[in-house]
Each structure stands twice: as structure tokens, then as C-alpha cells.
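Colleague: Build me a model:
(one chain, ligands or ions: 1)
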Amino acid sequence: MSAVLEHSPATDPKYGGSKEGILHHYDIGNDYWGLMLGPAFAYSAALFNGPGDSLEAAQERKFRWHMASAHVERAESVLEVGCGWGTLLRMISEQPQVNNVVGLTLSDAQTDYLNSLGLKNTEVRAENWAVHEPKAKYDSIVSIGAFEHFAKDGDTREQNQRVYRDFFERCHRWLNPNGGLSLQTIAFGNMRREEASEFMTTEIYPETDLPYLNEIIEAVDGLFEVVAIRNDRFHYARSYDEWLKNLRARRGEAVAMVGEEEVRRFERFFKLGSVGFRMGKIWLLRFSLRPIRDDWSVSGSFENDADFRLA
Ligand SMILES: C[S@@+](CC[C@H](N)C(=O)[O-])C[C@H]1O[C@@H](n2cnc3c(N)ncnc32)[C@H](O)[C@@H]1O
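Modeller: As a prediction, the model looks like this:
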């Protein structure tokens with residue numbers, strides 16, 4: 001059997017996402033994360049509509065974009081892969097027609113925090129998507145800022161590609177044929193993988209590897225039709241700038257929470273990330289994906305295509 005075929009959750013406990021890598025980055029204190037991220041409590045690129053827009057408004061706009069992209073407006077059952085501190089889970093659970101929301105995360109601190117919120121019709125699981133077994137099909141799947149963690153630094157391109165393909169095959173299987181998948185991820189842009197900053201791959205995001213756009217396109221081939229792709233790299237640069245501003249405004253409190261060394265690490269991380277996006281070394285990709293079905297016919301029409309609403 002080839003090394004690629006052997007690569008599976010059964011042979012590699014870190015397949016699809018390293019729990020240790022996640023805990024290193026995320027479980028350093030919910031209060032510390034809240035201080036940096038602000039009231040939106042979202043840890044992913046926002047979607048700004050102009051220079052005067054606030055981070056909070058831009059985060060809400062981003063989540064609404066993904067809800068429209070995955071057609072949550074007509075969904076009863078929704079999965080979020082990588083739910084963070086649950087801002088999107090809450091927005092989805094407030095939709096009147098939604099009766100089942102499932103959120104997956106690898107962070108124990110996020111799971112405990114989310115369970116304490118008691119969101120309506122919502123189940124939060126400390127579970128890797130690679131071992132998730134849904135009770136029934138979902139109408140919408142959203143994943144924001146998690147795909148970056150699916151492949152491991154040091155694995156081969158073939159192994160990474162196997163994981164990406166597996167993710168999309170599962171999403172395709174889990175979705176109702178009429179459903180939608182919305183995905184947001186950082187990707188390598190105008191740079192070679194070998195040029196990745198050692199600080200980022202060891203101190204900030206250990207045991208992770210970013211995809212290239214072409215690797216994602218290859219992984220969805222024959223499973224999902226691409227309805228839209230946006231590269232919003234400047235929006236991520238600005239999100240990093242806003243988080244750095246939040247951290248600097250309450251630096252003394254932050255140091256009391258996690259110590260000087262950790263705060264310095266985050267200051268460096270946010271500055272480096274912002275520069276990387278501005279220079280186009282890394283991109284911020286948002287995808288709207290529609291499952292490919294074998295019953296598509298000439299009766300398909302613009303009127304039935306809810307995606308025209310995706311601005
Ligand atoms: C950058 S945070 C984004 C959180 C949230 N989506 C947001 O926008 O605020 C990434 C999230 O993905 C989760 N994650 C990463 N790899 C995962 C995996 N293999 N299975 C489930 N969750 C995963 C992490 O635990 C974390 O909650």
C-alpha cells in the first residue's frame with residue numbers, strides 16, 4: 001500500500017489537524033483572545049466596506065457573506081467546521097428555520113466556553129472533522145479559518161492533497177444535493193512553501209501547512225462547482241492591524257494575563273502577518289461552492305439559482 005493511501009485517521013492521530021498544534025495556539029486563555037479580537041470574538045479575516053468601517057461591523061459582514069454563500073437562509077441543519085468562539089454559530093442558531101447547528105473545534109477551551117453559552121439548537125463537539133459522523137445530512141456547511149490547520153508541515157504534497165480531497169469528499173457526502181459549502185482560508189500567494197517564516201511555522205502555528213489556490217481547485221474537482229472565489233488579502237492585513245491596536249490599547253492587562261514574552265510574540269505575529277498579506281506573499285481566499293450533482297438538466301435556470309444574491 002502506498003504512503004498516501006496509508007495516510008488516514010487510523011494511521012495518524014494528527015490526520016486532518018493536529019490537536020497539539022491547536023492547543024498550543026488557542027488554549028492560552030479565552031480572556032486574552034477576547035481582549036485582542038474585540039467584541040466580535042472572531043479570529044479570521046473580516047470583510048470591510050471602507051476605511052471608516054469598524055472591526056466589529058466588518059466581522060459581522062464576513063459572517064453574513066458566508067451565510068449567504070452556504071445558503072443558510074434556506075437551511076434547517078448547518079455544520080461549522082472550526083467554530084472558534086462561536087460568533088457564527090450564534091448567528092446561525094438565531095435563524096428562525098434552523099433547528100440543528102453543529103460546531104466542531106479541536107480546542108478544549110473553546111468547547112468549554114461554547115458549552116457555557118447554551119446556544120439554541122446547537123451542539124459543540126471537540127472533534128476533528130476527519131472523524132465526524134453526522135446524524136443526518138446538512139443543508140449548509142461553513143468553514144472559516146480552519147483549512148489552514150488541516151495539512152501538516154513536513155508531510156508530502158501528496159499527503160496534504162489526500163487530506164484536502166478527503167475533506168471535500170466528506171463535505172460532499174454530508175451535504176444535501178441542494179446545499180452549499182462556504183470556505184475561507186489563508187493560502188500561499190506569491191511565495192514558495194520553503195520561504196515560509198520559521199517563526200510562524202514553529203512558534204505560532206506548529207504542525208500546520210498552508211495550501212496553494214491550485215491545490216484547493218484540484219481537491220474540489222468533480223465534487224464542487226466553484227460559484228465564487230475572492231482574494232481579500234488586504235482585509236486580512238487590516239484585521240491583523242486592528243487586533244494589534246486592541247492588544248496595544250490594553251497591553252498591561254494582556255501582560256498580566258499571559259506574560260510579556262507571549263504578548264511580544266503576538267505583536268510580532270500580527271505585524272508579520274499584516275506585511276505578508278500586503279506584499280501578496282499570502283492570500284485570503286473565500287470560496288462559495290456548490291455540490292456537483294448527477295441530475296443536473298436543461299431545466300436548470302437563473303430563477304432557481306439563489307447564488308445570484310451573492311454580492
Ligand atoms: C482561526 S480559528 C477560526 C474560528 C472561527 N471560524 C472564526 O472565524 O472566528 C480556527 C478554528 O478551526 C478549528 N480547527 C482547526 N482544525 C480543525 C479540525 N481538523 N477539526 C475541527 N476543527 C478544527 C480550531 O479549533 C479553531 O476553532
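Colleague: and Gly154, how many neighbours?
Modeller: 9 (other C-beta atoms under 10 Å). For glycine as for every other residue, the C-beta is placed from the backbone atoms N, C-alpha and C.
Colleague: So for it, what's the pLDDT?
Modeller: Looking at Gly154, its pLDDT reads 86.
Colleague: Let me see the contact set for it.
Modeller: Taking C-beta atoms under 8 Å, 6 or more residues apart in numbering as the criterion, Gly154 is in contact with Asp209.
Colleague: Surely Leu285 forms part of a strand?
Modeller: Yes - counting by DSSP: H, G, I helix; E, B strand; the rest coil, Leu285 is found in a strand.
Colleague: Start and end of stretch 151-162, how far apart?
Modeller: With C-alpha to C-alpha, to the nearest Å as the measure, stretch 151-162 spans 9 Å from end to end.
Colleague: and it, how far from the chain's centre?
Modeller: On the basis of C-alpha atoms, centre = their mean, to the nearest Å, stretch 151-162 sits 18 Å off its chain's mean C-alpha point.
Colleague: is the ligand contacted by that stretch?
Modeller: No - for stretch 151-162, no contact with the ligand is found by C-beta under 6 Å from any ligand atom; the gap never falls below 10.2 Å.
Colleague: Please apply the same query to stretch 238-245.
Modeller: No - applying C-beta under 6 Å from any ligand atom, one finds stretch 238-245 out of contact with the ligand, separated by at least 10.3 Å.
Colleague: And the contacts of that stretch?
Modeller: Applying C-beta under 8 Å, 6+ apart, the external contacts of stretch 238-245 come out as 36-38, 44-46, 48, 55, 58, 267, 270-271, 273-274, 277.
Colleague: If you count neighbours, what's buried in stretch 205-222?
Modeller: Neighbour counts over stretch 205-222 (16 or more other C-beta atoms under 10 Å) mark 205-213, 215-216, 219-220 as buried.
Colleague: Narrow the contacts of stretch 238-245 to those that are buried.
Modeller: Buried subset of those (neighbour count, 16+ other C-beta under 10 Å): 36-38, 44-46, 48, 55, 58, 267, 270, 273-274, 277.
Colleague: Mind listing what's buried along stretch 28-36?
Modeller: Result for stretch 28-36 [16+ other C-beta under 10 Å]: buried residues 28, 30, 32-33, 35-36.
Colleague: One more: stretch 15-26?
Modeller: Buried residues in stretch 15-26, counting neighbours by 16+ other C-beta under 10 Å, are found at 15-19, 21-22, 25-26.
Colleague: How about stretch 238-248?
Modeller: Judged by neighbour count (16+ other C-beta under 10 Å), stretch 238-248 contains these buried residues: 238-244, 246-247.
Colleague: ok, those residues vs the ligand, which is closest?
Modeller: Nearest to the ligand among the buried residues of stretch 238-248: Ser239, at 10.3 Å, using C-beta to the nearest ligand atom.
Colleague: how long is stretch 42-50 from one end to the other?
Modeller: Counting by C-alpha to C-alpha, you get 19 Å between the two ends of stretch 42-50.
Colleague: Can you tell me how far Ser288 is from the ligand?
Modeller: Plainly put, Ser288 is 16 Å away from the ligand if you go by C-beta to the nearest ligand atom, to the nearest Å.
Colleague: Check which helices and strands the helix or strand where that residue lies is in contact with.
Modeller: Here Ser288 sits within strand 282-291, counting by DSSP states H and E. The helices and strands touching strand 282-291, judged by 3 or more C-beta pairs under 8 Å, 6 or more residues apart in numbering; DSSP states H and E, are helix 55-69, strand 175-188, helix 213-220, strand 224-231, helix 233-249, helix 260-278.
Colleague: Parallel or antiparallel, list what pairs with the fourth one.
Modeller: It stands for strand 224-231. Strand 224-231 has the following sheet partners, assigned by DSSP bridges: strand 282-291 (antiparallel).
Colleague: any idea of the mean pLDDT in the strand it pairs with?
Modeller: On average, strand 282-291 scores 97.
Colleague: what about the stretch 201-311 of the chain, any weak spots by pLDDT?
Modeller: Low-confidence segments of the stretch 201-311 of the chain, defined by pLDDT under 70: 299-311.
Colleague: typo on my end, the stretch 51-200 of the chain
Modeller: Ranges of the stretch 51-200 of the chain meeting pLDDT under 70: none found.
Colleague: got the CA positions of the strand holding Ser288 in PDB?
Modeller: This file holds the C-alpha atoms of strand 282-291, laid out as PDB (Å, rounded to 0.1, in the frame of the first residue of the first chain):
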ATOM      1  CA  ILE A 282      -0.100  35.200   1.400                       C
ATOM      2  CA  TRP A 283      -3.700  35.400   0.200                       C
ATOM      3  CA  LEU A 284      -7.000  35.300   1.900                       C
ATOM      4  CA  LEU A 285      -9.400  33.200  -0.100                       C
ATOM      5  CA  ARG A 286     -13.100  32.900   0.200                       C
ATOM      6  CA  PHE A 287     -14.900  30.300  -1.800                       C
ATOM      7  CA  SER A 288     -18.600  29.700  -2.500                       C
ATOM      8  CA  LEU A 289     -19.000  26.100  -3.600                       C
ATOM      9  CA  ARG A 290     -22.000  24.200  -4.900                       C
ATOM     10  CA  PRO A 291     -22.100  20.400  -4.800                       C
END
